[in-house]
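Colleague: I would like to see how this sequence folds:
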Amino acid sequence: MPPSEQTEFFLTFTPPQDLTPEERKLVGDIVILDHRAHHQLKPKTEEWNEVLKLLVNAVVLLQARDAEQGRAILEEAQQVYYHHNQTKNRIRYLTGAVAGIVVAAAVGTGFLLVSKSLEQYIGRQLLVLIFVFAGLGSITSVLTRVSTIDLKEETSRFSVAVSGFSRPLIAMFVALVVYFILDTRIVEIKLGSPTEPKTNAVYLVTSFLCGFSERFAKDILSRVPFGSDGREKDQSGPTATGESESGGGARRD
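Modeller: Numbering: from 1, shown residues only. Next comes the predicted model:
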């Protein structure tokens, strides 16, 4: 029976008779890695071919009843697979982030179209700058950390791309919320000299940080009174301090 398109590039072999438990496990691990490489690296690519050749060597050693060396070759094949899979996933993540920037720009344009109804809360120019700085912070974060993101075991290309795609959008909305929190002085942050008047530069810096650091945004949001069952958070963090007492309330001038 001729192979179909779904089975043509899978590794097929006949294992020896009377397998030991170690050999049986080796057979299963070879099959699993072969299927992962087929799905993630795609047949006929250089990356897939590199993994396949190592798997063939592992099978040859298995059929020679040298399970120990076969296992060593399989582990090398796994390392090669993880390396290539991680590289491809990081590219997908970065591509998703770039697509997210484009969509975030479109959403920002939509906000500008309805910004007249928002002008009593925020100026149009400041709104644009907040979105821009949040996007800059997000893409800066992705570019500086993409080489350290651990995606070697991820097998869903869609979820990896969506993870990157969502970052700029989340950063944009969070930056806008943080602006309102700081503008209404629900939460205070200290940047520079406390005697200097607050300017729009503070909002641009916080917008960039919302895109660059998820921890910064969570730190601000966690200090909103009643935001976490009314319990006051630890105010020792370096980025923000809340002005609440016994349940919390906005500071009044």
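Colleague: for the particular helix or strand that has S159 in it, name the packing helices and strands.
Modeller: Counting by DSSP states H and E, the element that carries S159 is helix 157-183. If contacts are counted by 3 or more Cβ pairs under 8 Å, 6 or more residues apart in numbering; DSSP states H and E, helix 157-183 sits against helix 67-113, helix 124-145, helix 200-212, helix 214-222. C-betas here are computed from N, CA, C, even on glycine.
Colleague: nearest to E154, out of these?
Modeller: helix 67-113 (5.2 Å; Cβ to Cβ).
Colleague: helix/strand/coil for the residue nearest to V59 when sequence neighbours are not counted?
Modeller: Distance criterion Cβ to Cβ, 6 or more residues apart in numbering; nearest residue to V59, sequence neighbours excluded, is F13 at 4.8 Å. Secondary structure, DSSP: H, G, I helix; E, B strand; the rest coil: F13 is coil.
Colleague: quick one: the host helix or strand of L62 to helix 67-113, angle?
Modeller: Assessed by DSSP H and E, L62 sits inside helix 46-63. Relative orientation of helix 46-63 and helix 67-113, computed by axes from the mean of the first three to the mean of the last three Cα atoms, to 10 degrees: 160 degrees.
Colleague: and the residue nearest to I101 when sequence neighbours are not counted, what does it touch?
Modeller: Excluding its sequence neighbours, the residue lying closest to I101 (Cβ to Cβ, 6+ apart) is P168, at 4.8 Å. Going by Cβ atoms under 8 Å, 6 or more residues apart in numbering, P168 touches A97, G100, I101, V103, A104, A134, G135, S138, I139, G211.
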